[in-house]
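Asker: Return a 3D structure for these sequence lines:
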Amino acid sequence: MSIKFFYIIANKLYKFGIPILPKLIYYIQFLIFNSSVSYKCKIGNNTVFGYGGIGVVIHERAVIGNGCIIGQNITIGGRSKKYNVPIVGDRVYIGAGARILGDVKIGNNVIVGANAVVINDVPSHSIVAGIPAKVIKTNINVDDFEDF
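Answerer: Numbers count the residues shown, from 1 in each chain. Below is the predicted model of the structure:
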């Protein structure tokens, strides 16, 4: 059982307008996985959490695309005094310990390196790493994702 299981149930209950059960499920997932994945955020199909999603924090307004891989201890959230939060495209691999913060748009087919701090937009088909994250490779193809 992973955090995605709890998210799916709580998100469906939230969409049906049931007020208390999604919050209860959120607290259960927090106790089990030490994670804060809001049932209000949007997480696409076939997105998986590494190690069950231990230590993952996702803002309630964040949007995550389809087919993403989210490692452990990831933060996808806002920045002080800024309303917008990250939008992550399809087929994005986010390495362990990475932080994606603020009004950031990450394109499709992107690899975010472990412990990277992403505070600027990332174009599609690229690899980013570092603090703050910088594009270290562009025009990557689907073959680069085969190992993930």
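Asker: Let me see the contact set for residue 94.
Answerer: If a contact means C-beta atoms under 8 Å, 6 or more residues apart in numbering, then residue 94 has 68-71, 74, 76, 88, 100, 112 as its contacts. The C-beta positions use only the backbone N, C-alpha and C, and glycine is treated the same way.
Asker: Return the member of these nearest to residue 41.
Answerer: Distance ranking of these against residue 41, using C-beta to C-beta, places residue 76 first at 8.3 Å.
Asker: How is the closest one assigned, secondary-structure-wise?
Answerer: What DSSP: H, G, I helix; E, B strand; the rest coil gives for residue 76 is strand.
Asker: hang on, the earlier thing: next step: the contacts of residue 94 restricted to strands.
Answerer: Using DSSP state E, the subset of the contacts of residue 94 located in strands is 69-70, 76, 88, 100, 112.
Asker: Need those in CSV (columns: distance to residue 58, pLDDT and neighbour count).
Answerer: Conversion of the ones in strands among the contacts of residue 94 to CSV gives the following (distance: C-beta to C-beta, whole Å; pLDDT from 0 to 100; neighbours: other C-beta atoms under 10 Å):
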residue, distance to residue 58, pLDDT, neighbour count
69, 14, 94, 17
70, 8, 95, 26
76, 5, 96, 26
88, 10, 97, 29
100, 10, 97, 28
112, 14, 96, 26
